[in-house]
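In: I'll drop the sequence and a predicted model, then ask my questions.
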Amino acid sequence: MIKTLLDLATEYPDDPLIEYMQKCRSGEIIIGREMLQEFDILMDNFNNPDITYEPEDAQKRIKFITTKCRLYEAPYAGLPFNLLLWQKAFITAFYSFKIYDEELNRRRRLFSEFLLLCAKKNGKSPFFAALCLAEWFCGPLGCKILCSSNSYEEAAAMYDGIEAMRQESKSLERVTRGNVRGMFFGNPRHKSSGKFSYHNKGNIRKMSAKTGAQDSRNIMVGAVDEVWELKDNSTPSFVKKALSSQDEPIYGEISTEGTVNGGYLDDRLGEGRKVLSREDDSRPYLMVWLYTQDSETEIWQDEKSWYKSNPSLGVIKKWRYLRDRISEAQTSKKERVLTLCKDFNIKQNTATAWLNPQEYENPVTFANVAIDKKVNDIMDYLRGCIMIGGIDLAETTDLACAKALIMHPGDPHKYILRKYLIPEIKLESSKDLIDYGALAKQGKITVCKGNENDFSLFTEWFIELHEKWKMNPYKFGYDNALAKFWVKEMSLYFGEEMLERVPQSHIGLSSPMMLVEQDLKSKLIVYDDDELDKFCFKNTAMDINKYGQIKPMKDRSDARNRIDGTAALIDAYFIYQEYKPDYLAHVG
């Protein structure tokens, strides 16, 4: 006879897993399709004669967390850890299903691994910390736990959460001690015996992907945080190998969605989703617990759907916070990417489109400016102004660009002059999406003889702007690649102090890139509606790191895309932002 949820509720009254599944099935609690798939698997386990349901271990850990653990972050610091229903259900599901193991000659836990995907600010990190502490105290003598992540800082954050929770509880702190090497049982200030004394060699330590597996020998619990940052399986592989000698190991991964394409989380979610959809029956030991949306559309149309990726919404995570994020996401592409990824677990491309065409389609041309200012051409208007240089030297055998950013006294616009180079061999063999040959005939790009660009032409161009049009340089910002000879050449004419390397990092480029976007939207950048500039704008994607900082990168949808013009402009904007008060004072 197949058991139903109603049958199970009668057999196991007050069981949090069964209560949670009932409320989710009835619609009282809103979850997504992938959580329902996991419930289908759990129901199969209930009805599998080879699997028994023994919730005692789960109850022990739930009781430990709710009676011994205390929260450590505002606004809940010092308060008891009152587990939410979804958290109790998670613990119960993981610990309660047992299967007979012939090698051990006894029943053991069915699940030895779990993957928890949950949007940020839902309390998953404190939950993971409490779960590790519970296993350390409630598990067998000598239980060793390893906290790991992509970086030492991330691993330390998880470890520090466990340590803070240990210190918040007087009863836990009394029988344990902590130092730079880890957490250990036994405390010289309080005499204790048995499991909670020095006799128990169990410990909790931390390790990052960069430090390798030195501390990962013979552990019982491997906890990996922020899995989305991992580029490959090297860290999980180290941790899993360290679990191989245990009878009932625990390997747990928690994460939000990420922006790393082809990284470890993509592979892991692929494996997990095959388990959920019954395409892979080789991993009965893996519990896949995914709080995900069923579509992006529902996010914008139905606030109640937000529960699908935010199980703690309204209790830990605030409605106000999420509504504010949605509001910002409707006007900012960067915020949209971060919000969909981190607040709703919808995977975002590492290189997401930066600009909409309407943001850089600029009807203002140099001819329009000349007419408005009553001069013969734009160069007459800009004669004698102060220029900032931005130079992209990343490629010797491809498109390269130098730009001059110029402001006129009393005029808020930034006027952009440019010089593009391309090698002759590239022009002949090019299958790019733009006709360089036609642009060369129009004088919009300079063709360099042979196989390489001649960066001396950039030097000559800046000298011409200075000598012919009396444009005094303020500074030249350049990327570091291939720049050594060119910097020396420019220094001989303009002086070494006039050249500054622009760090090609998220920290260095995020702010100037965002200012370029805002100035384009406000039509403050006058670039003469240049075809090559527009081609580069179109091809530029933004790479977003975990701190929400951005830097430019090629849209990888087509290898022929070029962004050199954008890169040169952002380099110029870096100098502008770094020295804005002084530069504007020079402009007058």
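Out: Right, received. Where do you want to start?
In: residues making contact with the helix or strand Trp300 falls within?
Out: Per DSSP states H and E, Trp300 falls inside helix 297-301. Helix 297-301 is contacted by residues Gln293, Ser305, Trp306, Ile326, Leu340, Phe344, Ile346 when judged by CB atoms under 8 Å, 6 or more residues apart in numbering. Yep, even glycine has a C-beta here, placed from its N, CA and C like the rest.
In: Swap in 7 Å and give it another go.
Out: Helix 297-301 has contacts (CB atoms under 7 Å, 6 or more residues apart in numbering) with Gln293, Ser305, Trp306, Phe344.
In: Scan the residues you listed and report the most crowded one.
Out: Phe344 (25 neighbours; other CB atoms under 10 Å).
In: rewinding a little: from the contacts of helix 297-301, which is closest to Glu28?
Out: Within the contacts of helix 297-301, the smallest distance to Glu28 is 15.0 Å, found for Ser305 (CB to CB).
In: Let me see the confidence value for the closest one.
Out: We have a pLDDT of 97 for Ser305.
In: And for the residue lying closest to it once chain neighbours are set aside, the neighbour number?
Out: Leaving out its chain neighbours, the residue that sits closest to Ser305 by CB to CB, 6 or more residues apart in numbering is Glu298, at 4.1 Å. Counted with other CB under 10 Å, residues neighbouring Glu298 total 16.
In: if I look at Glu298, how far off is Gln549?
Out: Separation of Glu298 from Gln549 (CB to CB, to the nearest Å): 29 Å.
In: got a pLDDT number for the spatially closest residue to Val315 that is not a sequence neighbour?
Out: Excluding the flanking residues, the one nearest Val315 by CB to CB, 6+ apart is Leu84, at 6.3 Å. With respect to pLDDT, Leu84 scores 97.
In: From one end of stretch 328-346 to the other, what's the distance?
Out: This stretch, stretch 328-346, spans 17 Å end to end (CA to CA, to the nearest Å).
In: on that earlier part again, which one among the contacts of helix 297-301 gets closest to Ser171?
Out: Nearest member of these to Ser171, counting by CB to CB, is Trp306, at 37.4 Å.
In: Assign the closest one to helix, strand or coil.
Out: Of the three states, Trp306 takes helix according to DSSP: H, G, I helix; E, B strand; the rest coil.
In: residues contacting it?
Out: Ile299, Leu313, Leu322.
In: The same query, at a cut-off of 6 Å, please.
Out: For Trp306, the contact set (CB atoms under 6 Å, 6 or more residues apart in numbering) comprises Leu313.
In: Please apply the same query to Phe458.
Out: Ala402.
In: rerun that using 10 Å as the cut-off
Out: 389, 391-393, 400-402, 419, 421, 446, 476, 478, 486, 489-490, 568 (CB atoms under 10 Å, 6 or more residues apart in numbering).
In: Helix, strand or coil: sort out it for me.
Out: Criterion first, three-state DSSP; result for Phe458: helix.
In: what pLDDT does it get?
Out: Taking Phe458 on its own, its pLDDT is 96.
In: Show me how the chain divides into domains.
Out: 5-343, 357-587 (automatic domain parsing).
In: chain center to the longest one: distance?
Out: Taking CA atoms, centre = their mean, to the nearest Å, one finds domain 5-343 lying 20 Å from the centre of the chain it belongs to.
In: And for the shortest one?
Out: From the chain centre to the centre of domain 357-587 is a distance of 29 Å (CA atoms, centre = their mean).
In: Give me the below-cutoff pLDDT ranges for the stretch 201-350 of the chain.
Out: For the stretch 201-350 of the chain, the stretches with pLDDT under 70 are 208-217, 349-350.
In: lowest confidence element among the helices and strands of this protein?
Out: strand 351-353 (a mean of 68; mean pLDDT, DSSP states H and E).
In: mean confidence for the very next helix or strand once past that strand?
Out: Next helix or strand after strand 351-353 toward the C-terminus (DSSP H and E): helix 357-360. Per-residue pLDDT values over helix 357-360 give a mean of 86.
In: got the buried residues for helix 357-360?
Out: Applying a neighbour-count criterion of 16 or more other CB atoms under 10 Å, one finds Glu359, Tyr360 buried in helix 357-360.
In: likewise stretch 93-111?
Out: Quick answer for stretch 93-111 (16+ other CB under 10 Å): Ala93, Phe94, Tyr95, Ser96, Phe97, Lys98, Ile99, Arg109, Leu110, Phe111.
In: Count the neighbours of Ile30 for me.
Out: So Ile30, with other CB under 10 Å, has 17 neighbours.
In: what separates it from Asn47, distance-wise?
Out: 26 Å.
In: packing partners for the helix or strand harbouring Phe114?
Out: In this structure, Phe114 sits in strand 113-117 according to DSSP H and E. Applying 3 or more CB pairs under 10 Å, 6 or more residues apart in numbering; DSSP states H and E, one finds that strand 113-117 contacts helix 85-96, helix 124-138, strand 250-255, helix 264-276, strand 286-290.
In: run the last query once more with 8 Å
Out: The contact analysis (3 or more CB pairs under 8 Å, 6 or more residues apart in numbering; DSSP states H and E) places strand 113-117 against helix 85-96, strand 250-255, helix 264-276, strand 286-290.
In: relative to strand 250-255, how tilted is that strand?
Out: Strand 113-117 and strand 250-255 are oriented at 10 degrees to each other (axes from the mean of the first three to the mean of the last three CA atoms, to 10 degrees).
In: Now do the contacts for the closest residue to Pro311 other than its chain neighbours.
Out: Computed as CB to CB, 6+ apart, the closest residue to Pro311 that is not its neighbour in sequence is Trp86, at 4.4 Å. By CB under 8 Å, 6+ apart, the contact list for Trp86 reads Tyr20, Ile29, Pro311, Ser312.
In: Equivalent analysis for Arg106, please.
Out: Tyr100.
In: and the gap between it and Ile99?
Out: 10 Å.
In: What is the neighbour count of Thr52?
Out: Thr52 - counted by other CB under 10 Å - has 15 other residues nearby.
In: pretty sure it belongs to a strand, no?
Out: Yes: counting by three-state DSSP, Thr52 is found in a strand.
In: was I right about it contacting Lys98?
Out: Yes: assessed by CB atoms under 8 Å, Thr52 is found in contact with Lys98 at 4.9 Å.
In: residue boundaries of the helices in the stretch 151-300 of the chain?
Out: 152-168, 170-174, 234-242, 264-276, 297-301 (DSSP state H, counting those that start in this stretch).
In: now the third one against strand 113-117, angle please.
Out: Think helix 234-242. Using the same axes, to 10 degrees: helix 234-242 against strand 113-117 is 150 degrees.
In: so what secondary structure elements neighbour helix 234-242?
Out: strand 144-149, strand 203-208, strand 221-225, strand 250-255.
In: And the ones you listed: which comes nearest Val175?
Out: Among the helices and strands packed on helix 234-242, strand 203-208 sits nearest to Val175 (CB to CB), with 13.5 Å.
In: What is the burial count for Val375?
Out: Val375, neighbours per other CB under 10 Å, totals 14.
In: Chain neighbours aside, what residue packs nearest to it?
Out: Nearest residue to Val375 in three dimensions, chain neighbours excluded: Tyr381, at 4.7 Å (CB to CB, 6+ apart).
In: what stretches of this protein score poorly on pLDDT?
Out: Those would be 151-152, 208-217, 349-352, 394-395, 428-432, 481-482, 556-560, if you go by pLDDT under 70 across the chain.
In: so what's Met542 up against?
Out: By CB under 8 Å, 6+ apart, the neighbours of Met542 are Lys333, Lys334, Val337, Ala351, Thr352, Ala353, Trp354, Met513, Ile550, Lys551, Pro552, Met553.
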